[in-house]
Structure formats: C-alpha cells, structure tokens
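Engineer: 3D, please:
(one chain, ligands or ions: 2)
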Amino acid sequence: MDCLFCKIIKGDIPSNKVYEDERVVAFYDINPECKIHVLALPKKHIESADHVDETNSGDIAYIFECIPKIAKLAGITNGYRVITNAGSDSCQSVNHIHFHILGGEKLPEHIK
Ligand code: 5GP
Ligand code: ZN
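Structural biologist: Ligands and ions are numbered 1, 2, ... in the order given. Below is the predicted model of the structure:
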C-alpha cells in the first residue's frame, strides 16, 4: 500500500520521533503550523476518522491515552489543540488517520 505514514512507521522514510510504542507513533510535522506541531497516529492503517468503527476504536482511544505524554515529551506546557482532518473538504492530505497536536505558543482561533 502506498501510504506515506505507513512508510514512516516502517522506517523507510525518516522522521523526527517524539514517542513510539507498539501501537502508536508521534513525530514532528515536517511543515509546522505553530511553534510545536506533532502528529500522533496509530501504527494500524486507518484511513481517517470517517473509518473508525468497532474493530479499530481501541487504537484511537489508546492514542488519546498517549496524547498527554506526547505533548509533555514535545515540550508543550501550557495547553494544546488536537485536530484530525477527514476527507476532501477538510483538506486531509495523508490518508492515514493522524492527530495534529498544536501548541508551544498562544494559537490563533483557526489553524489546521
Ligand atoms: P493533513 O493535511 O492530512 O491533516 O496533515 C498531514 C500533515 O502531514 C501535514 O501537516 C504535513 O505537513 C505533514 N507531512 C506531510 N509529509 C510529511 C513527511 O514526510 N514527514 C512529516 N514529518 N510530516 C509530513
Ligand atoms: Zn498508512
């Protein structure tokens, strides 16, 4: 399958990792939209939030368990925003579900 984030997970494409365990990986966005911009994603290939169902919702719940840890490891200390884009109108550009963790500074109301 030709998925950029699956290639990053396999190590075929390098990334600047913040956190990794058997189910989740988090790395810095290559094109940060604010001071600290991390992407957290399941290692399991799930296309988007629109493809979450009873077979994979455990992986998504688990990411939300990891997000506070990931934010701390990335150096975020004063709050953050979590965003996921799903489908064409949202401008999702990589079809492997991922959660943008945005912080490190006061964010504008509209970002990502
Ligand atoms: P989306 O637009 O799908 O919600 O977010 C995709 C994100 O992946 C974008 O913020 C983009 O900058 C980031 N991205 C795209 N290619 C790469 C890459 O090769 N490495 C990293 N670290 N981030 C990437
Ligand atoms: Zn994938």
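
Engineer: Close to ligand 2: what parts of the protein are there?
Structural biologist: Cys3, Phe5, Cys6, His45, His96 (Cβ under 5 Å from the ion). Glycine gets a C-beta too; all of them are placed from N, C-alpha and C.

Engineer: Please check those residues and keep the buried ones.
Structural biologist: Listed as buried from those are Phe5, Cys6, His45, His96; burial here means 16 or more other Cβ atoms under 10 Å.

Engineer: Turn those into TSV, including distance to Asp21 and pLDDT.
Structural biologist: Converted to TSV, these look like this (distance: Cβ to Cβ, whole Å; pLDDT from 0 to 100):
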residue	distance to Asp21	pLDDT
Phe5	16	98
Cys6	17	98
His45	17	98
His96	17	98
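
Engineer: Pick out whichever of those residues sits closest to Arg23.
Structural biologist: His45 (12.5 Å; Cβ to Cβ).

Engineer: dump the residue contacts of that closest one.
Structural biologist: For His45, the contact set (Cβ atoms under 8 Å, 6 or more residues apart in numbering) comprises Met1, Cys3, Phe5, Cys6, His96.

Engineer: Please enumerate the strands of this protein.
Structural biologist: Remark: strands assigned in the chain by DSSP state E are 17-20, 24-28, 36-42, 80-83, 99-103.

Engineer: Make TSV from these and add mean neighbour count and distance to Ile60 to it.
Structural biologist: TSV is the format used below for these (neighbours: other Cβ atoms under 10 Å; distance: least, Cβ to Cβ, whole Å):
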stretch	mean neighbour count	distance to Ile60
strand 17-20	16	16
strand 24-28	22	10
strand 36-42	23	7
strand 80-83	16	12
strand 99-103	23	9
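
Engineer: do you know which of those lies nearest His110?
Structural biologist: strand 80-83 (10.5 Å).
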